[in-house]
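Student: All I have is the shape, not the residue letters:
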């Protein structure tokens, strides 16, 4: 069962890595809030009709975190490189042990502390330092913190209730937040954006959401976080192929440090 869980979690990691360059392409001339609103309304409708079990209390909490993560990340994609967003988002991995201790009383090891410290150095290099850090970089940090908390709470809540009961209202919460914030935005979508919305709402949101809720509790938060370390690698590869983005020498060093930090911080249960 654990091997099957690892394979499925790796599969959704590939999907998540693909959304960075794809969304950046789709966001040309499109409001990030409108994009997220439509994306999560579609995800909600699909989840609502497929899975009948629903739990509002836990799903609402998860929805607030997912909403914060995706809204900040989508706006960041308009302001900075997709490859940078992919790597900075990965900061959530070394953050997971900290929130695991806070929310689950899961002991933090010295290696995990080391991983968090290395990740800060990597973040400094990949953003070019405080003076070169832009708004998109900072928004991506907000995204990383939200994803870290969400990952830990998914593991915690799915042990209490059936995992599918957390999906539909989680997506509904994000859809409502995005819609309320996008009233003054243009609701125009390009043909490219429409296809990307469908891909990100169903293939990259509903499907991974179900897989994550079903299999993450099998391997635990820290092991799942280790699997997710490959996400920025796929994001970088596809950003290069689709957008022609390249990292500078210092950014490459920062990316390597972030990958090292993610592996170190996730070693406890592997």
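Tutor: Looks like it came in fine. For clarity, every value in this text was computed on a predicted model and none was experimentally measured.
Student: secondary structure element for the residue lying closest to residue 99 once chain neighbours are set aside?
Tutor: What sits nearest to residue 99 in space, not counting adjacent residues and going by Cβ to Cβ, 6 or more residues apart in numbering, is residue 152, at 4.5 Å. Quick note: C-beta positions are derived from backbone N, CA and C, even for glycine. Applying DSSP states H and E as the criterion places residue 152 in helix 135-157.
Student: can you give me the mean pLDDT across that helix?
Tutor: Over the span of helix 135-157, the pLDDT mean works out to 91.
Student: for that helix, the distance to its chain's centre please.
Tutor: Distance of helix 135-157 from the chain centroid (Cα atoms, centre = their mean, to the nearest Å) equals 7 Å.
Student: Now do whatever helix or strand comes next after that helix and helix 135-157, the angle between them.
Tutor: Downstream of helix 135-157, the first helix or strand assigned by DSSP H and E is helix 167-181. Per axes from the mean of the first three to the mean of the last three Cα atoms, to 10 degrees, the angle that helix 167-181 makes with helix 135-157 is 150 degrees.
Student: Tell me which helix or strand comes right after helix 167-181.
Tutor: In the C-terminal direction from helix 167-181 (assignment by DSSP H and E), the next one is helix 191-198.
Student: What ranges in the stretch 101-250 of the chain fall below the confidence cut-off?
Tutor: Within the stretch 101-250 of the chain, the segments meeting pLDDT under 70 span 129-131, 222, 225.
Student: Pull the contacting residues for residue 30.
Tutor: 188-190, 193 (Cβ atoms under 8 Å, 6 or more residues apart in numbering).
Student: please redo it, this time with the cut-off set to 10 Å
Tutor: 23, 38, 74, 78, 185-190, 192-194, 196-197 (Cβ atoms under 10 Å, 6 or more residues apart in numbering).
Student: which of the residues in the helix holding residue 152 are buried?
Tutor: 136-155, 157 (16 or more other Cβ atoms under 10 Å).
Student: so the residue nearest to residue 99 makes contact with residue 93?
Tutor: No. Checked against Cβ atoms under 10 Å, the pair residue 152 and residue 93 is beyond contact range at 11.6 Å.
Student: List the buried residues in the strand or helix carrying residue 68.
Tutor: Taking DSSP H and E as the criterion, residue 68 maps to helix 56-79. Along helix 56-79, these residues count as buried under the neighbour rule (16+ other Cβ under 10 Å): 58-59, 61-79.
Student: Show me what that helix is packed against.
Tutor: Other helices and strands packing on helix 56-79, by 3 or more Cβ pairs under 10 Å, 6 or more residues apart in numbering; DSSP states H and E, are helix 2-26, helix 32-50, helix 82-89, helix 135-157, helix 167-181, helix 207-219.
Student: and residue 154, how far is that from residue 139?
Tutor: Computed as Cβ to Cβ, to the nearest Å, the residue 154 to residue 139 distance reads 22 Å.
Student: before we move on, what about residue 258?
Tutor: 17 Å.
Student: same deal with residue 94?
Tutor: Taken as Cβ to Cβ, the span from residue 94 to residue 139 is 19 Å.
Student: And residue 199, by the same measure?
Tutor: Counting by Cβ to Cβ - residue 199 and residue 139 are separated by 23 Å.
Student: Look at the closest residue in space to residue 227 that isn't next to it in sequence and report its pLDDT.
Tutor: Nearest residue to residue 227, sequence neighbours excluded (Cβ to Cβ, 6+ apart): residue 9, at 4.6 Å. Residue 9 is assigned 91 on the pLDDT scale.
Student: Tell me who's in contact with residue 9.
Tutor: With Cβ under 10 Å, 6+ apart, residue 9 has these contacts: 208, 211-212, 214-216, 218-219, 223-228.
Student: between these, which is nearest residue 18?
Tutor: Proximity of the contacts of residue 9 to residue 18 was ranked by Cβ to Cβ; the top entry is residue 208 with 11.1 Å.
Student: Enumerate every residue touching that closest one.
Tutor: By Cβ under 10 Å, 6+ apart, the neighbours of residue 208 are 8-9, 11-13, 15-16, 19.
Student: Now do it against residue 66, distance only.
Tutor: Counting by Cβ to Cβ - residue 208 and residue 66 are separated by 11 Å.
Student: which of the contacts of residue 208 count as buried?
Tutor: 8-9, 12-13, 15-16, 19.
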